[in-house]
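K.L.:
requesting a structural model of the entry that follows:
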Amino acid sequence: LMISNALRGLARVRMLKGDGVVAEGLYRSILTKLNSKPPSIFQRQLHVLSLRAFAKLLEGMEWNHRSRKAEGEKLLEQAASIDEAMPKLLLPYESMVDHWFVETYGQTAASHQQ
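P.N.:
Presented below is the predicted three-dimensional model:
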């Protein structure tokens, strides 16, 4: 889970820097890792966050002059199905994942920004 979240952060940075191909590879690595383990609530939350971010990336990409938005929409549908099966929590997913890292490892990048 820690590696997947670190990869997600790196993918977000690469996406913001305009390096969509690297970001796509990172998101694919994350999803492979998350699909290979029994799901915990934090893993499912990270899965939803990663699927949504990957979908956002694909929305702005093209392959052979064709939009990849339809691929992103499939990822959003997958995220929605995972989300529907999860208990509704008081904190947003991002906060829950960050909270887990704080509790597990002491601090996160988010805690340094406050």
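K.L.:
for the most centrally placed residue in the chain, which residues are in contact?
P.N.:
Nearest to the mean C-alpha position of the chain, by CA atoms, centre = their mean, lies residue 50 at 1.5 Å. Residues in contact with residue 50 (CB atoms under 8 Å, 6 or more residues apart in numbering) are 4, 8, 11, 27, 30-31, 34. C-betas here are computed from N, CA, C, even on glycine.
K.L.:
hmm, try it at 6 Å
P.N.:
Counting by CB atoms under 6 Å, 6 or more residues apart in numbering, residue 50 makes contact with 8, 30.
K.L.:
can I get the helix of greatest length in the chain in PDB, CA atoms only?
P.N.:
Counting residues, the longest helix found in the chain (DSSP state H) is helix 41-59. The C-alpha trace of helix 41-59 is given here as PDB (Å, rounded to 0.1, in the frame of the first residue of the first chain):
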ATOM      1  CA  ILE A  41     -10.600  -0.600   3.000                       C
ATOM      2  CA  PHE A  42      -7.500   1.600   2.500                       C
ATOM      3  CA  GLN A  43      -6.500  -0.400  -0.500                       C
ATOM      4  CA  ARG A  44     -10.000   0.000  -2.000                       C
ATOM      5  CA  GLN A  45      -9.900   3.700  -1.300                       C
ATOM      6  CA  LEU A  46      -6.500   4.000  -2.900                       C
ATOM      7  CA  HIS A  47      -7.800   2.000  -5.900                       C
ATOM      8  CA  VAL A  48     -10.700   4.400  -6.300                       C
ATOM      9  CA  LEU A  49      -8.400   7.500  -6.100                       C
ATOM     10  CA  SER A  50      -5.900   5.900  -8.600                       C
ATOM     11  CA  LEU A  51      -8.700   5.000 -11.100                       C
ATOM     12  CA  ARG A  52     -10.100   8.500 -11.000                       C
ATOM     13  CA  ALA A  53      -6.800  10.200 -11.400                       C
ATOM     14  CA  PHE A  54      -5.800   7.800 -14.300                       C
ATOM     15  CA  ALA A  55      -9.200   8.500 -15.900                       C
ATOM     16  CA  LYS A  56      -8.500  12.300 -15.700                       C
ATOM     17  CA  LEU A  57      -5.100  11.700 -17.300                       C
ATOM     18  CA  LEU A  58      -6.600   9.700 -20.200                       C
ATOM     19  CA  GLU A  59      -9.300  12.300 -20.800                       C
END
